[in-house]
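Visitor: here are the coordinates; sequence isn't available:
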Ligand code: GLA
């Protein structure tokens with residue numbers, strides 16, 4: 001955390017909230033956004049995902065305040081909230097990612113006292129880079145340190161996911177909170193979302209780079225059809241399990257099961273994506289080990305097609321970015337995250353992104369009236385205290 005960010009956080013905190021007699025010293029934390037290389041919309045179907053954290057972060061300052069009050073302040077929204085009880089806030093949605101953590105921690109019987117927290121960050125919001133999960137995981141990690149809960153990184157991820165599922169109301173899987181908790185510099189993880197077993201893999205393709213184009217179509221997972229997709233997957237899963245009781249998750253099914261399970265046409269499309277994504281994930285892991293970027297890129301294009309046609313979570317703008325990139329011979333491109341807008345991940349030869357993007361910007365603006373953004377990133381470490 002730079003000195004400028006640190007000073008900005010502490011000044012804002014003391015300007016926003018008057019000193020309290022029992023307050024302790026300030027502590028600083030930060031947590032990253034994430035990309036997902038492959039394994040999309042499978043983390044609530046027991047599939048394997050392959051995400052990494054990126055060097056876009058949310059920064060927090062926090063202290064015990066010696067009272068019963070929770071006082072929280074978002075520098076980026078220029079808004080604060082003071083409360084004794086973690087109640088859902090309709091007017092200040094940003095606060096729910098923090099209050100949700102407090103509420104879930106209380107349900108687990110974890111001891112919590114009054115605290116002051118201020119935060120700011122540079123993870124673009126609604127871009128599919130998990131800015132909300134970063135706030136949840138950063139809060140859980142910071143509170144765990146402050147109140148000596150001593151939670152493992154896995155437990156931090158699960159508590160943060162519970163805040164999103166039960167308090168914020170988005171029925172997300174575990175991928176985002178997990179990678180933000182356990183990430184290491186230069187590595188992706190392959191995470192089996194059924195068992196939560198995971199391992200680190202290097203993401204090193206010399207001469208090539210991954211980067212992101214933000215469609216500037218803002219998705220909101222709650223308003224979008226994310227929860228519908230999860231319901232469709234769950235109904236497909238229970239039909240498959242009726243037919244094949246030993247099946248642990250939909251991600252393990254094969255086409256023989258899908259054909260006989262009596263799925264309706266929509267369930268069949270969703271299940272087809274999930275089953276095919278399983279082999280794409282395995283292929284990408286293998287191709288990365290063999291340092292075969294062309295083959296990795298082909299899987300990214302296939303993944304996008306499946307997300308767009310079978311899983312139906314893309315949109316016209318993201319499809320356009322992928323098609324245009326393909327026409328310019330990039331190695332691979334696909335939408336990432338929940339979908340319905342947000343970012344497209346691109347894999348290409350190093351050094352081409354600048355000129356391609358300036359050409360693209362014009363065409364995209366003419367077609368959609370939107371100014372896309374390009375984000376270059378490096379693979380970063382996970383949530384941490386910044387002493
Ligand atoms: C969002 C959710 C994740 C995951 C992705 C799609 O980011 O928070 O749990 O389902 O969408 O892969």
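Guide: Received it, and whenever you're ready, just let me know what you need. Given the structure is predicted, the values throughout are model-derived calculations rather than measurements.
Visitor: so where's the protein uncertain?
Guide: 219-223 (pLDDT under 70).
Visitor: and the strands in the stretch 151-300 of the chain, which stretches?
Guide: Ranges of strands in the stretch 151-300 of the chain, per DSSP state E, counting those that start in this stretch, are 187-192, 198-202, 208-214.
Visitor: now render these as CSV, adding distance to residue 344 and mean neighbour count.
Guide: C-beta coordinates here come from the backbone N, C-alpha and C atoms, glycine included. Converted to CSV, these look like this (distance: least, CB to CB, whole Å; neighbours: other CB atoms under 10 Å):
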stretch, distance to residue 344, mean neighbour count
strand 187-192, 18, 21
strand 198-202, 22, 14
strand 208-214, 5, 22
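Visitor: looking at those strands, which is closest to the ligand?
Guide: Of all these, strand 187-192 sits nearest to the ligand, with 10.9 Å by CB to the nearest ligand atom.
Visitor: angle of the closest one against strand 198-202?
Guide: Angle, strand 187-192 to strand 198-202, by axes from the mean of the first three to the mean of the last three CA atoms, to 10 degrees: 150 degrees.
Visitor: is the ligand within reach of strand 187-192?
Guide: No. Interface with the ligand: strand 187-192 contributes nothing (CB under 6 Å from any ligand atom), its closest point being 10.9 Å away.
Visitor: quick one: strands adjacent to that strand?
Guide: Strand pairing for strand 187-192, determined by DSSP bridges: strand 48-49 (antiparallel), strand 198-202 (antiparallel).
Visitor: beyond the first one, next helix or strand please.
Guide: Later in the chain than strand 48-49, the nearest helix or strand by DSSP states H and E is strand 51-64.
Visitor: now the angle from that following strand to strand 198-202?
Guide: Going by the same axes, to 10 degrees, strand 51-64 makes 110 degrees with strand 198-202.
Visitor: buried residues in strand 51-64, which are they?
Guide: Burial within strand 51-64, assessed by neighbour count using 16 or more other CB atoms under 10 Å, is assigned to 51-54, 56-64.
Visitor: contacting residues around residue 149?
Guide: Going by CB atoms under 8 Å, 6 or more residues apart in numbering, residue 149 touches 105, 110-111, 143.
Visitor: same question but for residue 56, I mixed them up
Guide: Contacts for residue 56 (CB under 8 Å, 6+ apart) come out as 32-33, 121-124, 129, 375, 377.
Visitor: relative to the ligand, how far out is it?
Guide: 15 Å (CB to the nearest ligand atom, to the nearest Å).
Visitor: then residue 29?
Guide: From residue 29 to the ligand the distance is 21 Å (CB to the nearest ligand atom).
Visitor: I figured that residue was touching residue 143, is that so?
Guide: No. Under the criterion of CB atoms under 8 Å, residue 29 is not in contact with residue 143, lying 9.7 Å apart.
Visitor: give me every residue in the stretch 251-387 of the chain lying close to the ligand.
Guide: Counting by CB under 6 Å from any ligand atom, the stretch 251-387 of the chain sits next to the ligand at 337-338.
Visitor: list phi and psi for the residue of the stretch 251-387 of the chain found nearest the ligand.
Guide: Nearest residue of the stretch 251-387 of the chain to the ligand: residue 338, at 3.6 Å (CB to the nearest ligand atom). Main-chain torsions, residue 338, degrees, to the nearest 10: phi -60, psi -30.
Visitor: burial count for it?
Guide: Residue 338: 24 surrounding residues under other CB atoms under 10 Å.
Visitor: output the strands paired with strand 187-192 in TSV, with distance to residue 208 appended to each entry.
Guide: Shown next, in TSV, are the strands paired with strand 187-192 (distance: least, CB to CB, whole Å):
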stretch	distance to residue 208
strand 48-49	21
strand 198-202	13
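Visitor: looking at the ones you listed, spot the one closest to residue 279.
Guide: strand 48-49 (10.6 Å; CB to CB).
Visitor: contacts made by that closest one with the rest, please.
Guide: Counting by CB under 8 Å, 6+ apart, 36, 38-40, 42-43, 175, 190-193, 251, 278, 281-282 sit against strand 48-49.
Visitor: now, which of these sits nearest residue 182?
Guide: Nearest to residue 182 among the contacts of strand 48-49, with distances taken as CB to CB, is residue 191, at 8.5 Å.
Visitor: the closest one reaches residue 180, doesn't it?
Guide: No. Taking contacts as CB under 8 Å, residue 191 lies outside contact range of residue 180: 11.9 Å.
Visitor: which residue lies nearest the spatial centre of the protein?
Guide: The residue lying closest to the centre of the chain (CA atoms, centre = their mean) is residue 130, at 3.3 Å.
Visitor: hmm, residue 181 and that one touching each other?
Guide: No. Look at residue 130 against residue 181 with CB under 8 Å: they stay out of range, at 11.6 Å.
Visitor: how many neighbours does the residue nearest to the residue nearest to the centre of the chain when sequence neighbours are not counted have?
Guide: For residue 130, ignoring the flanking residues on the chain, the nearest one in space by CB to CB, 6 or more residues apart in numbering is residue 176 at 4.2 Å. Residue 176 is flanked by 30 other residues according to other CB under 10 Å.
Visitor: next one: residue 356
Guide: 19.
Visitor: before we move on, which element is it in?
Guide: Counting by DSSP H and E, residue 356 is part of helix 353-368.
Visitor: pull out the buried residues from that helix.
Guide: Neighbour-count burial for helix 353-368 [16+ other CB under 10 Å]: 353, 356-357, 360-361, 364.
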